[in-house]
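[1] the following block contains a protein sequence and its predicted model.
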Amino acid sequence: MRPSLTPVKRVPFTIKLNWDCEENVQPVTLGIDKGSKISGYSAIANGEILMSGYINHRTDVKKNLETRAANRRQRRSRLWHRPPRFDNRASSSRRGRLPPSIKANADEIIRVVNKLPLPITSVIIEDVLIDIARLNDPNLKGSAYQKSNRLHENLRLATLLRDDFRCQQCGVKNTRLEAHHIKLTSEGGKDTINNLITLCEQCHSKVHSGKIHLRKQGVSGFKDKIAQRTMQGKHYLYSSLNQKYGLDRVYGYQTAEFRKEIGLPKDHDSDALAIATLGTGELISFHRDNFYQINFRPVQTRRRYHDLPASGRGRVKYQINENSGGFRKGDIVLVKDRYVKQVHSIYSTGALAFKRVKGEPGSSRPKNCRLLERQSSIVFSSI
């Protein structure tokens, strides 16, 4: 008799139902707080967080490409019989091309959304931090929040962004910062970007008490800052997601306002929860019961040789064994029926090498291992 379900993945633990359930799929909304190094995600349905966590983006793409280019340049320089060629670089200047590091960042988001073991029906992603159109008129239509007496979050974040999140009086960073009106509102000063400057809490208090006077009267270069922080490659990301899922976008200042309003802590996954519930205003209890960090690793080693030749041996192969006993790099194995390990590399002797953990084996013969899961380029790990 065929079993009613089949396990398909260990982390996160996922099962496949062996019966028709296509008409009983619940809608799942995925909120994504996209960043350059870490992105947060939170999948919600029926008033609960089904899954959340961090996406740890690769930061070595540019360095690896530069290393590869240097190695190729060095090899070409040794081919004295070959004339130099400089007209075969059309792909690097073609229209619409994205830098490899930015494209990799967007591709990682797309891959994670497609690989999450949930029936995602809609995706909400955070666009740029601020809405430029509302900098001089915070009362434009479209705000989903009740007007308050404090400075509009869009303006406050725009000021901090322009000033590089640094106090313009004492230069301190990584502390509580506030947007100060250069000309006070009580004296007719307006809530505009040109009338605001970033101060730390101590300097802000001293300015209002008259103990110090401002050394700077605003900071220029705001448009350049906006261009630097705008999400590059967003058109590629949005169009790719929109082909398969319903895609909505929100501004970063809207997320910050809503997160503070509902009392969520400041973190990547809590921001993603605020993004997912911003449109509906639904209040969902924040927890990390199903929290997973996501990392990326190649499923194959494309490198063939070490950088430097060995004395008397010439060029040395980088990887001698691509597999050993049916195991490959990245496979999840059970060692001696006790330790769950991931194959980090394969020694020249054929032994499987693992990440070193005190009290656990650092390597093992294939005969002592049992395959649990084949390698994957997306690695989920629970906290």
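    Looks like it arrived, so ask away. Numbers count the residues shown, from 1 in each chain.
[2] so what's the gap between stretch 17-37 and the chain middle?
    Distance of stretch 17-37 from its chain centroid, counting by CA atoms, centre = their mean, to the nearest Å, is 19 Å.
[3] can you give me the buried ones in that stretch?
    Val28, Thr29, Leu30, Gly31, Ile32, Asp33, Lys34, Gly35 (16 or more other CB atoms under 10 Å). Where you see a C-beta, it was placed from the backbone N, CA and C, and this is true even at glycine.
[4] ok, now stretch 348-362?
    Ala351, Leu352, Ala353, Phe354, Pro361.
[5] thought Pro366 was touching the third one, still the case?
    It refers to Ala353. No. The pair Ala353 / Pro366 is not scored as a contact, 11.7 Å apart, by CB atoms under 8 Å.
[6] what strands flank the one helix or strand Gly40 maps to, and is each parallel or antiparallel?
    Assigning secondary structure by DSSP states H and E places Gly40 in strand 38-45. Here strand 38-45 has these sheet partners by DSSP bridges: strand 28-33 (antiparallel), strand 48-56 (antiparallel).
[7] circling back: okay, and which of the buried residues of stretch 348-362 map to strands?
    Counting by DSSP state E, the buried residues of stretch 348-362 place Leu352, Ala353, Phe354 in strands.
[8] and of the residues you listed, the nearest to Gly53?
    Phe354 (23.6 Å; CB to CB).
[9] can you show me the helices along the stretch 151-300 of the chain?
    In the stretch 151-300 of the chain, the helices defined using DSSP state H, counting those that start in this stretch lie at 153-162, 201-209, 222-229, 234-242, 252-262, 268-277.
[10] only C-alpha atoms, please: export stretch 25-42 in PDB.
    In PDB, the C-alpha atoms belonging to stretch 25-42 read as follows (Å, rounded to 0.1, in the frame of the first residue of the first chain):
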ATOM      1  CA  VAL A  25      -4.100  25.100  -0.800                       C
ATOM      2  CA  GLN A  26      -4.100  28.000   1.600                       C
ATOM      3  CA  PRO A  27      -2.900  31.400   0.300                       C
ATOM      4  CA  VAL A  28       0.500  32.400   1.600                       C
ATOM      5  CA  THR A  29       1.900  35.900   1.600                       C
ATOM      6  CA  LEU A  30       5.700  36.400   1.600                       C
ATOM      7  CA  GLY A  31       7.200  39.600   2.800                       C
ATOM      8  CA  ILE A  32      10.800  40.400   1.800                       C
ATOM      9  CA  ASP A  33      13.100  43.000   3.400                       C
ATOM     10  CA  LYS A  34      15.800  43.100   0.700                       C
ATOM     11  CA  GLY A  35      19.300  44.200   1.700                       C
ATOM     12  CA  SER A  36      22.700  44.100   0.100                       C
ATOM     13  CA  LYS A  37      24.200  41.600   2.500                       C
ATOM     14  CA  ILE A  38      21.200  40.200   4.500                       C
ATOM     15  CA  SER A  39      17.600  40.000   3.400                       C
ATOM     16  CA  GLY A  40      14.800  39.100   5.700                       C
ATOM     17  CA  TYR A  41      11.800  37.100   4.800                       C
ATOM     18  CA  SER A  42       8.500  36.200   6.500                       C
END
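[11] starting at the chain centroid, how far to it?
    Here the centre of stretch 25-42 is set off from its chain's centre by 10 Å, with CA atoms, centre = their mean.
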